[in-house]
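Engineer: Test case, fold it:
(2 chains)
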Amino acid sequence: MACQMRTMFFLILAYLLLTANPEWSNVVLGAAVAVLVMALIPRTADVRECQGFLKVVPAALQYGVILGVDLVKSGIQVARIVLHPKLPIRPGIVAVPAGCRSDLGRALSAHAMTLTPGQLVVGIDESGMLYTHCLDTTDAYASMTRAQETRAELLQRIFLSPQ
Amino acid sequence: MQTVLFEILAAAAVITGTFFSVVGVLGFIRMPDVYTRLHATGKVGVFGVVFLLIAAVIETPLGWGKGLFLIFFLLVTGAVTAHAIASAAYHINIPMEGKGDAGRDSGDTPPPWEPRA
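Structural biologist: Numbering: from 1, shown residues only, chains lettered A, B, ... in the order given. I've put the predicted structure just below:
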């Protein structure tokens, strides 16, 4: 039940964002649409634990903020490299351990790394190594492993929230 | 007063977005190989278009909800396309500039994330 409430909450939120009309009648209409959509979704894969929804929110916010800060920092760094007259790049592939066992966690880690300019995940092997192409490989391994550890811990808290 | 503030914000967003787009294209021209070029073009996707969308949300009757959705989907899909291109380039052995290749030892071995025959 909690799981369905969560899905409904996001459906209503999406409806309100798209219509950009926070009047009560519109909220009720959005709720009606959400109930209709929920009725059409097959209810088979409802095995996962869905408790601790409120505990997930701070972790998700922290994940977003960290991702945003990383994006801005490395974006400025790459812009500086591009505009530098000598083009000081040292490209190469670095293997970074993902640190999470689930496929979803690995995929989201790879997504966050690829989104950051200067890092580009080329492949993932079965043991969870992220083969990452870096624009600047000087001491990339240490900083990237550290960043990945915090990210893996946050993802753990978001998706496998302990009660 | 408030409209002036919003117009300044929108102008700043347009300038930032255009700057990062130009830097991205410049990087695309200057970088030596596929992988490094993808780093540069990824910046157009992440910064250039996002800042231009912020300006559009402020200045045009787009609605901030739709703008947020566009930014969200752009951020979700942009990384996936960059990864797909890089992965394909690596699989068909497009040569790479520089050293430190932890993925492949010599020229002929397949990358380690592929199931070995």
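
Engineer: mind listing what's buried in the one helix or strand in chain A whose mean pLDDT sits lowest?
Structural biologist: The helix or strand of chain A with the lowest confidence, counting by mean pLDDT, DSSP states H and E, is helix A:2-19 at a mean of 80. By 16 or more other CB atoms under 10 Å in any protein chain shown, the buried positions in helix A:2-19 come out as A:3, A:8, A:11-12, A:15-17, A:19. Glycine gets a C-beta too; all of them are placed from N, C-alpha and C.

Engineer: what does stretch B:29-39 give?
Structural biologist: Of all the residues in stretch B:29-39, those buried under the rule 16+ other CB under 10 Å are B:30-31, B:34-39.

Engineer: pLDDT and secondary structure for those - can I get that in CSV?
Structural biologist: Formatted as CSV, the buried residues of stretch B:29-39 follow (pLDDT from 0 to 100; DSSP: H, G, I helix; E, B strand; the rest coil):
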residue, pLDDT, secondary structure
B:R30, 87, helix
B:M31, 85, coil
B:V34, 86, helix
B:Y35, 85, helix
B:T36, 86, helix
B:R37, 87, helix
B:L38, 86, helix
B:H39, 85, helix
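
Engineer: So the residue nearest the centre of chain B versus chain A, what's the distance?
Structural biologist: Taking CA atoms, centre = their mean as the criterion, B:G42 is the residue nearest the geometric centre of chain B, at 1.7 Å. Distance, B:G42 to chain A, by CB to the nearest CB, to the nearest Å: 5 Å.

Engineer: three-state assignment of that residue?
Structural biologist: The three-state assignment at B:G42 reads helix, by DSSP: H, G, I helix; E, B strand; the rest coil.

Engineer: before we move on, back to that, closest one of the buried residues of helix A:2-19 to chain B?
Structural biologist: Closest approach to chain B among the buried residues of helix A:2-19 (CB to the nearest CB): A:L17, at 3.3 Å.

Engineer: Now the closest one: closest residue in space that isn't a chain neighbour?
Structural biologist: With CB to CB, 6 or more residues apart in numbering or on different chains as the criterion, A:L17 has its nearest non-adjacent residue at 3.3 Å, and that residue is B:G65.

Engineer: is it true that that neighbour touches A:N21?
Structural biologist: No - using CB atoms under 8 Å, B:G65 makes no contact with A:N21, being 9.2 Å away.

Engineer: okay, the two: which has more neighbours?
Structural biologist: Between B:G65 and A:N21, B:G65 has the larger neighbour count (other CB atoms under 10 Å in any protein chain shown), namely 19 against 14.

Engineer: chain center to the strand or helix carrying the more buried one, what's the gap?
Structural biologist: Using DSSP states H and E, B:G65 falls within helix B:64-91. Distance of helix B:64-91 from the chain centroid (CA atoms, centre = their mean, to the nearest Å) equals 8 Å.

Engineer: Show the average pLDDT along it.
Structural biologist: Averaging pLDDT along helix B:64-91 gives 86.

Engineer: next one: stretch A:78-94
Structural biologist: 84.

Engineer: what's the nearest residue to the residue nearest in space to the middle of chain A if we skip its chain neighbours?
Structural biologist: Computing the C-alpha centroid of chain A and ranking residues by CA atoms, centre = their mean puts A:L108 first, at 5.0 Å. Spatial nearest neighbour of A:L108, excluding adjacent residues (CB to CB, 6+ apart): A:L155 at 5.9 Å.
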